[in-house]
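>>> Fold the following, please.
(one chain, ligands or ions: 6)
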Amino acid sequence: MLLSVAFFISFSLSIFAQDEASADASGDQQEQAEDSGEPSDDAGASDLGDPDNGKSIFNSQCAACHKPYSDGIGPALNGVTVRHNMEWIHAWIKNSSALIAEGDPDAVAIYEEYNKTAMPPFPGLSDSDINDILAYVEQPKPEPKTVETAGGGEAGASGSGGGVSVNVILGILVFVLVMLLAVLFLVNKTLRNFAEASGVTVPEKTKGKPIWKAFVENQFLLLVTSVVILLGVGYFAYGFLMQVGVDQGYQPIQPIHYSHRIHAGDNEIDCKYCHSSARTSKHSGIPSLNVCMNCHETISEVSPETATEEYSKEFYDGEIAKLYDAVGWEPSERTYSGEEKPVKWVRIHNLPDFAYFNHSQHVSVAGVSCQHCHGPIQEMEVVYQDAPLTMGWCINCHRETNVKMQGNEYYEKIHEELSKKYGVEELTVAQMGGLECAKCHY
Ligand code: HEC
Ligand code: HEC
Ligand code: HEC
Ligand code: HEC
Ligand code: HEC
Ligand code: HEC
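Ligands and ions are numbered 1, 2, ... in the order given. Here you go, the predicted model:
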């Protein structure tokens, strides 16, 4: 009895500790998600302009040549408001060559320093745009992030922290049990000695039926036990069969460690910049390496603050080198050698051939966000399959989701007829026929 109670307690404790650890971990991640937001209410920068808007202008117009905290083709822009006065900076950004042509000493000096590389003029930027950009680049350099995505860094630490306390509790329990056994044994022994001393004979145990024999002879107990065993086996067999062919959580290692967290998250590159066919076709497709080189002809290394505890700057730079190797780009000479090696991305989401799924219908017509089906891709260092992609998953969503029929002439007639038929204003996909087998099966 005592033993089983102890087991039960320690077991439930360890499960409890696991829950706590995973709750901690998700808490951490949430905190990190909040932390990784830009420090937009930074006092020093906010009197210049709106750093969030600045970031997006900077990324689209300046990032090809400038980085905030380190030199690229042009100088690091952090600290520029200290180096020059505002009037000069505005004049420079709007038209730097004019300033150089005027013979402005600062302008000529920096032009010479950067090997007479001309910076293009930006007459289209308003004064407030420029102030926004400056507000962004003048933000103090963020600390390197410490917590990694799922299962990394601190999650592990807090997990083992929980483990220590459970071990201590287990140790104490075992100790108490051993003590109890010892005490019982001693008590038994002294009682026997006592009985012997006072001449009382302890009756020997009479041998009854062994327990197993009594059990086998009791038909009711046998029946109950076999029903329990059958139900248990059935439960586990069902669970096992239901997960056959379901690859939720599948996270293969890709030939190039391409991080959606860095691209789609930190740098806010639109999903459809790379997965452009999601809008118009059945497939989303994986971008060809030319698309990568639009940016990576100039981005040959990551900035130090991109590095995390798990992945160092050297690791990331090495991954960009793999990309260069694959497209045959010589970064030092800035030419293509013409030697290309295909990159074999490992496919993650894959329905069986007998099921039909169309991206454009869901993304363009229904306006479902990528994250609804693929999870928080912009936070994934390495992509994994977030949804089960089972038939039940598709069907459930079709039962719950309303079709966007307003303003879509294609749906006018069908809406009129069906809303009368069902007596509702909003129609779910299921009511429109989204549960018909042939819609999804060839
Ligand atoms: C095609 C590359 C290129 C782009 C795009 C570019 N710059 Fe430059 N920028 C340079 C170069 C190169 C210099 C160094 C001076 C020179 O050689 O003309 C420079 C210098 C500067 C300077 C002077 C820095 C100092 O410390 O003196 C500022 C400010 C600046 N750029 C702001 C911007 C902003 C803001 C944008 C985006 C709206 C931008 N640049 C886009 C190439 C570029
Ligand atoms: C700069 C280009 C780029 C951007 C931007 C981008 N992706 Fe990707 N995506 C890729 C590449 C390359 C792969 C293949 C490697 C991998 O799986 O990590 C991929 C893979 C994927 C996969 C897995 C495909 C499979 O094999 O099943 C999904 C899902 C995905 N991306 C969704 C998104 C979403 C959602 C966004 C926007 C939040 C996004 N991507 C932004 C380049 C990009
Ligand atoms: C719109 C611009 C853009 C495109 C397109 C782009 N990248 Fe990047 N890439 C970046 C930026 C910005 C960084 C981060 C630089 C930093 O942090 O300093 C980066 C970093 C990287 C890194 C190092 C970090 C990591 O993710 O491991 C690799 C590898 C990489 N890119 C590969 C690719 C591949 C492969 C493609 C094509 C599927 C691609 N990139 C397309 C802008 C781009
Ligand atoms: C309604 C759910 C849903 C939405 C919304 C969705 N996807 Fe998918 N995605 C899937 C399914 C299901 C697959 C597997 C398709 C297959 O195997 O035929 C998939 C596959 C992919 C793939 C692998 C290559 C391919 O096309 O089969 C990529 C990349 C991808 N999705 C990116 C995206 C992006 C980017 C978006 C947003 C623009 C998006 N998805 C929106 C369900 C969705
Ligand atoms: C996020 C919820 C959601 C999920 C998950 C989802 N769908 Fe859909 N699906 C929709 C919506 C909304 C529409 C209606 C689009 C429209 O307006 O035409 C739709 C329409 C369709 C249609 C056309 C139905 C018709 O009557 O014309 C097919 C086929 C389809 N989905 C297949 C799938 C398959 C296969 C899966 C699973 C792999 C899936 N869907 C998962 C929301 C979803
Ligand atoms: C909304 C889309 C959709 C509709 C409607 C739909 N199915 Fe499916 N079905 C799927 C998908 C997706 C799979 C693949 C699931 C997987 O790989 O786990 C599937 C799998 C199956 C399978 C294989 C069993 C399995 O779990 O792999 C059978 C059989 C099947 N469907 C029959 C039907 C029948 C019969 C109907 C009509 C009553 C129907 N389906 C309607 C999407 C659909």
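>>> Mind pulling up the pLDDT for H349?
Per-residue confidence at H349 stands at 94 (pLDDT).
>>> Nearest spatial neighbour of it, chain-adjacent residues omitted?
In this structure, H349 finds its nearest non-sequential neighbour in Q385, 5.8 Å apart by CB to CB, 6 or more residues apart in numbering. Every residue, glycine included, has its C-beta placed from N, CA and C.
>>> and the one you found, what does it touch?
D247, Q248, G249, Y250, Q251, I348, H349 (CB atoms under 8 Å, 6 or more residues apart in numbering).
>>> out of those residues, who's near ligand 6?
Among those, not one lies near ligand 6 by CB under 6 Å from any ligand atom.
>>> ok, of these, which come out buried?
With neighbours counted by 16 or more other CB atoms under 10 Å, those contain buried members at Y250, I348.
>>> between the contacts of Q385, which is closest to R334?
I348 (33.9 Å; CB to CB).
>>> surely the closest one meets D386?
No. At 9.9 Å, I348 does not count as touching D386 under the criterion of CB atoms under 8 Å.
>>> thinking again about what came up before, where does the residue nearest to H349 land on pLDDT?
With respect to pLDDT, Q385 scores 94.
>>> And for the one 3 residues further on?
In this prediction, P388 carries a pLDDT score of 92.
>>> Also F357?
On the pLDDT scale, F357 gets 95.
>>> now do A6
For A6, pLDDT reads 52.
>>> possible to save the contacts of Q385 as TSV with secondary structure and distance to H372?
Below are the contacts of Q385 laid out as TSV (DSSP: H, G, I helix; E, B strand; the rest coil; distance: CB to CB, whole Å):
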residue	secondary structure	distance to H372
D247	coil	19
Q248	coil	15
G249	coil	18
Y250	coil	19
Q251	coil	19
I348	coil	17
H349	coil	13
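>>> how about the residues of this protein that lie near ligand 3?
256-259, 262-263, 267, 269, 274, 287, 291-292, 294-296, 299, 302-303, 306, 316, 319-320, 323.
>>> out of the residues you listed, which are buried?
For those, buried by 16+ other CB under 10 Å: 256, 258-259, 262-263, 269, 274, 287, 292, 296, 299, 302-303, 306, 316, 319-320, 323.
>>> Could you pull out the strands in the chain for me?
All strands of the chain, identified by DSSP state E, fall at 329-330, 335-336.
>>> Can you tell me which helices and strands the last one packs against?
So that's strand 335-336. strand 329-330 (3 or more CB pairs under 8 Å, 6 or more residues apart in numbering; DSSP states H and E).
>>> ok, the strand it packs on: who's next to it in the sheet?
strand 335-336 (antiparallel) (DSSP bridges).
>>> Could you pull up the mean pLDDT of the strand it pairs with?
The model assigns strand 335-336 a mean pLDDT of 89.
>>> Tell me how far V202 lies from ligand 6.
67 Å (CB to the nearest ligand atom, to the nearest Å).
>>> Spatially nearest residue to that residue, not counting backbone neighbours?
A195 (5.6 Å).
>>> cool, Y250 as well?
Q385 (4.6 Å).
>>> gap between that neighbour and E417?
When distance is defined by CB to CB, to the nearest Å, Q385 is 38 Å away from E417.
>>> Same check on Q378?
40 Å.
>>> now I253
Taking CB to CB, one finds I253 at 51 Å from E417.
>>> between those two, which one's more packed in?
Counted by other CB atoms under 10 Å, I253 and E417 do not tie: E417 has more neighbours, with 10 against 7.
>>> hey, where'd the helices end up in the stretch 151-300 of the chain?
153-197, 211-217, 219-242, 260, 271-274, 289-296 (DSSP state H, counting those that start in this stretch).
>>> Tell me which of those is the most buried.
helix 260 (a mean of 21; mean count of other CB atoms under 10 Å).
>>> any idea how far it is from the chain center?
Centroid separation for helix 260 versus its chain: 9 Å, with CA atoms, centre = their mean, to the nearest Å.
>>> And ligand 4, is it touching that?
No. Using CB under 6 Å from any ligand atom, helix 260 never reaches ligand 4; the gap is at least 10.0 Å.
>>> pLDDT of that helix, averaged?
pLDDT averaged over helix 260 gives 95.
>>> Equivalent analysis for stretch 196-207, please.
Stretch 196-207 comes out at a mean pLDDT of 76.
>>> who's in contact with that stretch?
R192, A195.
>>> repeat that for 6 Å
A195 (CB atoms under 6 Å, 6 or more residues apart in numbering).
>>> now the end-to-end length of it.
23 Å (CA to CA, to the nearest Å).
>>> in the stretch 1-150 of the chain, which spans are helices?
Using DSSP H, counting those that start in this stretch, helices in the stretch 1-150 of the chain cover 2-35, 43-46, 51-57, 80-83, 86-94, 96-102, 105-113, 127-137.
>>> For E416, give its distance to G423.
Counting by CB to CB, the gap from E416 to G423 is 13 Å.
>>> How about the contacts made by L99?
A91, W92, A107.
>>> Ok, H275 next?
Per CB under 6 Å, 6+ apart, neighbours of H275: S284.
>>> residues near S276, how many?
15.
>>> do the one 3 residues further on as well
R279 has 12 neighbouring residues, counting by other CB under 10 Å.
>>> Look up the closest residue to W88, ignoring the ones flanking it.
D106 is the one closest to W88 (CB to CB, 6+ apart), at 6.4 Å.
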